[in-house]
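J.: Predicted model follows, preceded by the sequence.
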Amino acid sequence: MVSKPTTLELNPARVPRPAGGGAVVSKPMTSELNPGPGFRMRRHIHRPDPELVAAFGEFETPLISDLMNRLYTMCTAIHNLTAPQQRILGPACTVRVFPGDNLMVHKSLDIAAPHDIVVVDAGGSTMNAVLGDLVSTKARHRKIAGFVVDGYVRDIPGILALDFPVYARGVTPIGPLHRGPGEVNFPIQCGGIVVHPGDIIVGDENGVVVIPQDAAASLLERLRMRRETEANYVAAVARGEFSNAWVDALLTHGGCEVVDPD
């Protein structure tokens, strides 16, 4: 009986051989990709009601951040690289990549729904861009609403021509690898904030906030309740009608020493 050729025998040119000949040495098991955590995707997620998402377009990120106690705002290193007036608003399709690789960014274009924001955890790496104008063009055709990248991108002139919002840490000409591993639609971190699939992403000139999906409805109600009070206060300040008595009250309560008393 003739034995079936092994993979190594079928691909001898790809297998390194010891100097001077000898037995073929297989690659270490640690070089293999393994299914499961770190190399998986979820194609279907629960997204918030589109009307609920759209309603957050009425508010700028500072007020949203304030009502979440300033704990759900990404670090300011992640900013709009395309045009300051380009806001982003939509549910998160989350992507985790090995720094410098973008295989799962490409796959996310097949999984993200129209109007999603693709949020990429690239570990803040400055070594490689994880997307550029071609990926952005494909995303625009899929009606994806923008990218937020905890890492770098490239091809900014080409992206600018698309009128497509991309938020990231910076720009580099060095392109990505396409090998994996990575994940799509599992919890990630981006700009210091945990992002779950379906969380609402809001970005503007001030930065990017993440609204947990399970808190979105109650947060919107509080934002609307606060709006009139906030507007009245801003108008009063604009007229010069304000008092800092609350500052003195806090200083007194805290025991602030006055070194030059009257």
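T.: On my side now, so go ahead. Numbers count the residues shown, from 1 in each chain.
J.: Every contact and neighbour count from this point should use C-alpha atoms.
T.: Fine.
J.: can you confirm H253 is in a strand?
T.: No: counting by DSSP: H, G, I helix; E, B strand; the rest coil, H253 is not found in a strand; it is helix.
J.: Quickly note the distance from it to W246.
T.: 11 Å (CA to CA, to the nearest Å).
J.: Need phi/psi at the residue nearest to N80 when sequence neighbours are not counted.
T.: Excluding the flanking residues, the one nearest N80 by CA to CA, 6 or more residues apart in numbering is Y167, at 4.3 Å. Dihedral pair for Y167: phi -110, psi 130, per degrees, to the nearest 10.
J.: how about P212, what does it touch?
T.: Neighbour list for P212: V195, H196, D199, I200 [criterion: CA atoms under 8 Å, 6 or more residues apart in numbering].
J.: pretty sure the second one is in contact with V210, am I right?
T.: By that I understand H196. No: applying CA atoms under 8 Å as the test, H196 and V210 come out as separate, 9.3 Å apart.
J.: ok, these two, which is more surrounded?
T.: V210 (26 against 21; other CA atoms under 10 Å).
J.: I'd say that one and V202 touch.
T.: Yes: the pair V210 / V202 is scored as a contact, 6.6 Å apart, by CA under 8 Å.
J.: if we can go back for a sec, beta partners of the residue nearest to N80?
T.: On the basis of DSSP bridges, Y167 is bridged to N80, V148.
J.: The one 4 residues further on now?
T.: Legend: beta-bridge partners of V171 under DSSP bridges are V153.
J.: Local confidence estimate at it?
T.: On the pLDDT scale, V171 is placed at 97.
J.: Run a quick neighbour tally on it.
T.: As a burial measure, V171 scores 17 neighbours (other CA under 10 Å).
J.: Might you report the residue contacts of it?
T.: So V171 contacts A129, Y152, V153, R154, I156 (CA under 8 Å, 6+ apart).
J.: Now render the residues you listed as a markdown table, adding pLDDT.
T.: Formatted as a markdown table, these follow (pLDDT from 0 to 100):
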| residue | pLDDT |
| --- | --- |
| A129 | 97 |
| Y152 | 98 |
| V153 | 97 |
| R154 | 97 |
| I156 | 96 |
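J.: So how do I select the buried members of those residues in PyMOL?
T.: Per 16 or more other CA atoms under 10 Å, the buried members of the contacts of V171 correspond to this PyMOL selection:
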select buried, resi 129+152+153+154+156
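J.: now, which of the contacts of P212 sits nearest E257?
T.: V195 (43.2 Å; CA to CA).
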